[in-house]
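# sequence unknown, structure follows:
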């Protein structure tokens with residue numbers, strides 16, 4: 001008898017062969033089958049929908065499959081996880097696994113007696129079925145970490161909106177690893193704060209967090225700034241310079257505005273990412289550097305790839321684990337907490353003024369093209385205009401999309 005039909009099935013594998021084999025085997029038995037190229041993408045899918053089964057390749061490029069499966073089982077107990085071993089998994093084996101994935105408690109069929117031993121313990125989940133048994137035999141330290149990661153904001157980040165929760169969870173998952181992270185989001189949304197949080201939560205926290213703004217350094221100087229140079233390597237090189245990459249040894253290298261990296265420099269950066277070694281300008285000596293790389297951009301790098309302005313192989317090296325920061329206009333529930341934080345931070349008077357309900361209402365309907373950075377500027381200007389008054393009112397707000405400007409109603 002064929003297994004019952006499931007609503008949603010997710011397949012996560014870096015191999016298109018594996019994904020296609022699963023899709024071909026299961027397409028007729030599930031109303032929806034989605035695919036992800038890695039563990040991070042799979043977690044994003046799990047956050048956004050309801051799933052009955054997850055087929056998980058053991059060879060994920062970004063996360064450990066065993067740890068990820070434990071996290072999924074702890075956080076999404078209704079999702080059955082099937083681990084895939086290799087590209088040669090036969091269709092009949094996949095169908096058997098799929099049938100097992102549809103067993104209860106997920107879809108309400110009768111328990112398979114083979115899933116339980118004589119003591120009544122559930123072998124599939126590694127937990128004793130005794131309700132008084134408070135320890136799961138298959139539990140690891142990673143499970144405890146995942147519970148914390150589901151709730152805790154990142155260091156330096158303000159806001160608990162639903163859209164920020166996946167960012168916090170994914171960041172906590174990847175922070176302890178050396179996986180390259182690409183942070184995307186609009187200008188002023190807090191990408192550098194996330195990068196610094198990843199560093200602070202990592203085993204490299206005591207080491208250097210080296211920042212390179214690829215848009216702020218002229219193309220002619222960027223190579224020397226990144227890779228360093230020896231004395232006499234070019235006119236004006238009066239002494240040797242190690243470079244920002246080597247300065248990040250054993251720490252974290254943050255490449256901000258990576259979309260502005262000149263195409264001519266991208267192969268050299270790619271080689272460093274692949275080999276963990278570099279050569280200074282004017283030197284033939286190879287220097288080994290152990291630095292975790294986090295990059296950020298406010299542009300769509302895949303669009304740049306299609307336009308020939310960004311190397312595809314470099315993109316996939318940098319984006320092993322993508323994190324997307326939502327714009328402020330999509331999370332107005334965070335504005336009150338952010339405004340209060342900036343009032344406390346920026347107030348120089350004897351008492352911190354409060355924000356009137358009318359002023360807060362205006363802030364919450366603003367479009368915020370400059371995001372959190374723009375909100376901070378608005379609060380700072382409001383404090384100046386209020387001139388030690390106890391309440392921030394609409395007349396004190398200088399907003400782009402309202403009838404208030406320069407402290408006067410228009």
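Perfect, thanks for sending it. Keep in mind that what you see is a predicted model, and the values were worked out from it rather than measured.

# Please make it C-alpha for all contacts and neighbour counts, starting now.
Fine.

# Just to check, residue 19 is in contact with residue 25?
No. Using CA atoms under 8 Å, residue 19 is not in contact with residue 25, being 10.0 Å away.

# the more surrounded of these two?
Here residue 19 and residue 25 are compared on neighbour count by other CA atoms under 10 Å; more neighbours surround residue 19, at 23 against 17.

# Quick one: find the helix or strand in this structure with the lowest mean pLDDT.
helix 141-149 (a mean of 37; mean pLDDT, DSSP states H and E).

# so after that helix, what's the next helix or strand?
Scanning forward in sequence from helix 141-149 by DSSP states H and E, the next helix or strand is helix 165-174.

# pLDDT of that following helix, averaged?
Confidence for helix 165-174, expressed as mean pLDDT, is 91.

# continuing past it, what's the next helix or strand?
As assigned by DSSP H and E, the chain's next helix or strand after helix 165-174 is strand 181-184.

# Can you tell me what sits against that following strand?
By CA atoms under 8 Å, 6 or more residues apart in numbering, the residues outside strand 181-184 that reach it are 191, 194-195, 293-299, 318-325.

# just stretch 364-377 next, same as before
186-190, 327-329, 332-333, 335, 338-339, 342, 399-402.

# With stretch 254-263 instead?
For stretch 254-263, contacts defined as CA under 8 Å, 6+ apart pick out 192, 195, 209-215, 219, 293-299, 301, 304, 309-311.

# Can you list the buried residues in it?
Neighbour-count burial for stretch 254-263 flags 254, 255, 256, 257, 258, 259, 260, 261, 262 (criterion: 16 or more other CA atoms under 10 Å).

# For the second one, give the beta-bridge partners.
Listed beta-bridge partners, residue 255: residue 212, residue 295 (assigned using DSSP bridges).

# so how far is residue 176 from it?
Residue 255 sits 19 Å away from residue 176, going by CA to CA, to the nearest Å.

# Same check on the fifth one?
Separation of residue 258 from residue 176 (CA to CA): 23 Å.

# before we move on, what about the last one?
Residue 262 sits 30 Å away from residue 176, taking CA to CA as the criterion.

# what does residue 360 give?
Counting by CA to CA, the gap from residue 360 to residue 176 is 38 Å.

# Over to residue 205?
10 Å.

# now swap in residue 370 and tell me
For residue 370 relative to residue 176 (CA to CA), the value is 31 Å.

# Check residue 215 too.
Applying CA to CA to residue 215 and residue 176 gives a distance of 28 Å.

# And residue 201, by the same measure?
7 Å.

# Could you tell me which residues within the longest helix belonging to the chain count as buried?
In the chain, assigned by DSSP state H, the helix with the most residues is helix 371-386. Neighbour counts using 16+ other CA under 10 Å place 371-372, 374-376, 378-383, 385-386 of helix 371-386 among the buried residues.
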